[in-house]
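**Q** next one to model:
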Amino acid sequence: MIDPRNGRRTKKRPNSIVLTDWGAYADVYRSPRKFITDLIMLSLLYDTVLIQDEVFVLSDSLPKWFDSPAGHALLNRLFELDSVVLLAWPARAYTKNIATDPKVHPLFARAEWHVKNSTRGDELFVPSESHKAFYKKVEAALAAHGSSLRERGTGTDVDVGECYRKILRDVLGLKRYEAWLRSLYPDISEAMRSAVLEYIDRPSLAVRHLTDRGFRVNALIVEGAPVFNRSLGFQVSRMYGSKEKRALQQLMQSAYAIPLCESEEAVGRYGRSLKEVPWCSEEKGAQGEAHDKKVMVEAVVDTNLWLPDWSDDFPSIINRVRSTKEGKALRRSVRSLGNEIDFRDVTLRWREVADLLASSGSRRGAYTARNSMVRIGTEVAIGTIVGCWASKGSDPLTTGLMEMLGTGVGVVADHIYKLMRNDLLRQALREKLQASVEFRCNWIPFEK
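**A** Numbering: from 1, shown residues only. Reported below is the predicted structural model:
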């Protein structure tokens, strides 16, 4: 795609999404109702909603939610959504110490991988009997819906692990990220930064230091040497106090989200446990982003929505809406967001889809989709937040901006990410912008 402002070729916004904030500890959701509602909303806007298999393997909540006959039926309905896909650990990535065939039993193989080569967060993981019973149910549901499972990284050549280490090394070591790092992660000290940078390059040193402090280490071994990955990084965090540990884990998980999304050609989801890393692969690109340009909210349009409830036949309703010309047009318009014409188009598409949902018969889930267009200097950013009004505050400028953007769920929140990047040096708006939505679906363009 050619940018008309400078004639340069730019990437097109992906139209799939990875639930990146739902990993590592697998504990983002507290109820199946919220989980299903989020999937319904995201399915209206994205071609594919991707969930990492580690979530289904490591979660303690999911086996409880889907244990009863009614829960089992709900699990099957979940995979009847033609948008939902479980991302399986690629067969080529399994090491020789894994006995389970991942093509036959993808969840059992992934669980064995975590037992032998990884962790759940920073702790060793052993699946319980309830976990194993859940794996059987999920694998049966996936067998009945073949399109609901695919290997990670299909169709791309991104080395997620190598890129993760590069991004984490840059963010911890380069001067251009200092203001952002101090603002968001003040508990990460200079000594911690230096230590982690050394561990990235010398993972065997991390294993030795952990062992010397009495920790049992479960590291991935390749060609006789440990690999610095998220799991080893999380285990390293155990050598620090609770605040430092939490900050370091969140930073590592956030850095990992960027190449993960790129490998799936997808947008990422961010929230309380996962923050957007303002990473740029080149110094010139980063300098171009870190400005304090004038910000103006130029247009706001609200659309009333009636979403099906989790107890309804939501797969049939959502699949039917997605298959219509109006449903397809909404998803296309989201992918091409970026100027005034696109904004008029996306607000029209929202109204058309809202009319289809209203005619579906269920009127139990009332929401408002707020589309807003923000001008940052000469650049236009567009986004959609589904929820309610923002509360008033004491700062007139910031309060006005928050009221215009709205609060709730940032189903398309590129405008929030671009506002935060514009404020990279001062960090004055970041906290308020992050607090304005429960989670944010953002695209962080990636260049290797």
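
**Q** let me see the contact set for Ile167.
**A** By CB atoms under 8 Å, 6 or more residues apart in numbering, the contact set of Ile167 is 255, 258-259, 277, 279. For glycine as for every other residue, the C-beta is placed from the backbone atoms N, C-alpha and C.

**Q** which element is the closest residue to Pro259 other than its chain neighbours on?
**A** Closest residue to Pro259 apart from its sequence neighbours, by CB to CB, 6 or more residues apart in numbering: Cys163 at 3.6 Å. Following DSSP states H and E, one finds Cys163 within helix 160-173.

**Q** what of Glu298?
**A** strand 295-307.

**Q** who are the packing partners of the following helix or strand past that strand?
**A** Later in the chain than strand 295-307, the nearest helix or strand by DSSP H and E is helix 314-323. Helices and strands touching helix 314-323, by 3 or more CB pairs under 8 Å, 6 or more residues apart in numbering; DSSP states H and E, are helix 32-45, helix 69-78, helix 325-335, helix 340-358.

**Q** look through the protein and tell me its longest helix.
**A** Across the chain, the longest stretch assigned as helix under DSSP state H is helix 242-263.

**Q** now it: buried residues?
**A** 244-245, 247-263 (16 or more other CB atoms under 10 Å).

**Q** point out where this protein drops to low pLDDT.
**A** Counting by pLDDT under 70, the chain has low-confidence residues at 1-10, 24-26, 281-292, 362-363, 388-400, 402-403, 423-431, 447-448.

**Q** go with 50
**A** 1-9, 285-288, 290, 389-397 (pLDDT under 50).

**Q** circling back to that earlier point, just say which of the helices and strands packed on helix 314-323 is most tucked in.
**A** Among the helices and strands packed on helix 314-323, ranked by average contacts under mean count of other CB atoms under 10 Å, first place goes to helix 32-45 (a mean of 21).

**Q** what's in contact with the following helix or strand past it?
**A** Next in sequence after helix 32-45, counting helices and strands by DSSP H and E, comes strand 48-52. Residues from elsewhere that reach strand 48-52 (CB under 8 Å, 6+ apart): 15-19, 22-23, 39, 42-43, 81, 83-87, 152, 260, 264, 266.

**Q** which ones are touching His145?
**A** Contacts of His145 (CB under 8 Å, 6+ apart): 79-80.

**Q** hmm, back to that, remind me what the strand holding Glu298 packs against, helices and strands.
**A** Helices and strands touching strand 295-307, by 3+ CB pairs under 8 Å, 6+ apart, are helix 32-45, helix 340-358, strand 365-376, helix 396-405.

**Q** take the ones you listed and write them to JSON lines, including distance to Asp101.
**A** Output for the helices and strands packed on strand 295-307, formatted as JSON lines (distance: least, CB to CB, whole Å):
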{"stretch": "helix 32-45", "distance to Asp101": "29"}
{"stretch": "helix 340-358", "distance to Asp101": "42"}
{"stretch": "strand 365-376", "distance to Asp101": "41"}
{"stretch": "helix 396-405", "distance to Asp101": "48"}
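
**Q** the strands in the stretch 1-150 of the chain, which residues?
**A** When secondary structure is read from DSSP state E, counting those that start in this stretch, the stretch 1-150 of the chain shows strands at 16-18, 48-52, 84-88, 149-151.

**Q** out of those strands, which is the most enclosed?
**A** strand 16-18 (a mean of 24).

**Q** quick one: the residue lying farthest from the centre of the chain and Val196, what's the gap?
**A** Going by CA atoms, centre = their mean, the residue of the chain most distant from its centre is Asp212, 35.1 Å out. Shown here: Asp212 relative to Val196, a distance of 17 Å by CB to CB, to the nearest Å.

**Q** same thing with Lys325?
**A** Taken as CB to CB, the span from Lys325 to Val196 is 51 Å.

**Q** swap in Val84?
**A** Taking CB to CB, one finds Val84 at 35 Å from Val196.

**Q** check Ala435 too.
**A** Distance of Ala435 to Val196, computed by CB to CB: 28 Å.

**Q** coming back round to it: could I get the strands of the stretch 1-150 of the chain in CSV, plus columns for distance to Lys103?
**A** As requested, the strands of the stretch 1-150 of the chain are exported to CSV (distance: least, CB to CB, whole Å):
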stretch, distance to Lys103
strand 16-18, 22
strand 48-52, 18
strand 84-88, 9
strand 149-151, 9
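
**Q** quick one: contacts of stretch 226-241?
**A** 24, 117-119, 121-122, 161, 164-165, 168, 192, 195-196, 199-201, 203-204, 206-207, 209-210, 213, 215, 217-221, 244-245, 248-249, 252-253, 256.

**Q** of those, select the buried ones using a PyMOL command.
**A** To isolate the buried members of those in PyMOL, using 16+ other CB under 10 Å:
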select buried, resi 24+117+118+119+121+122+161+164+165+168+192+195+196+199+200+203+206+207+209+210+217+218+219+220+244+245+248+249+252+253+256
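
**Q** circling back to that earlier point, what pairs with the strand holding Glu298, and is each one parallel or antiparallel?
**A** Counting by DSSP bridges, the strands paired with strand 295-307 are strand 365-376 (antiparallel).

**Q** how far off helix 340-358 does the helix or strand just after the partner strand point, in degrees?
**A** Later in the chain than strand 365-376, the nearest helix or strand by DSSP H and E is strand 379-388. With axes from the mean of the first three to the mean of the last three CA atoms, to 10 degrees defining the directions, strand 379-388 sits at 20 degrees from helix 340-358.

**Q** returning to what we had before: for the longest helix of the chain, name the packing helices and strands.
**A** Secondary-structure packing of helix 242-263 (3+ CB pairs under 8 Å, 6+ apart): strand 16-18, helix 160-173, helix 190-201, helix 230-236, strand 267-270.

**Q** of all these, which one is nearest Glu352?
**A** With respect to Glu352, and counting by CB to CB, the nearest of the helices and strands packed on helix 242-263 is strand 16-18 at 21.4 Å.

**Q** neighbours around Asp170, how many?
**A** The tally of other residues near Asp170 (other CB atoms under 10 Å) stands at 17.

**Q** skip the chain neighbours and tell me the closest residue to it.
**A** Nearest one to Asp170, counting by CB to CB, 6+ apart, is Trp279 at 6.5 Å.

**Q** residue contacts, the one you found?
**A** Contacts of Trp279 by CB under 8 Å, 6+ apart are 167, 170-171, 177, 255, 258, 444.
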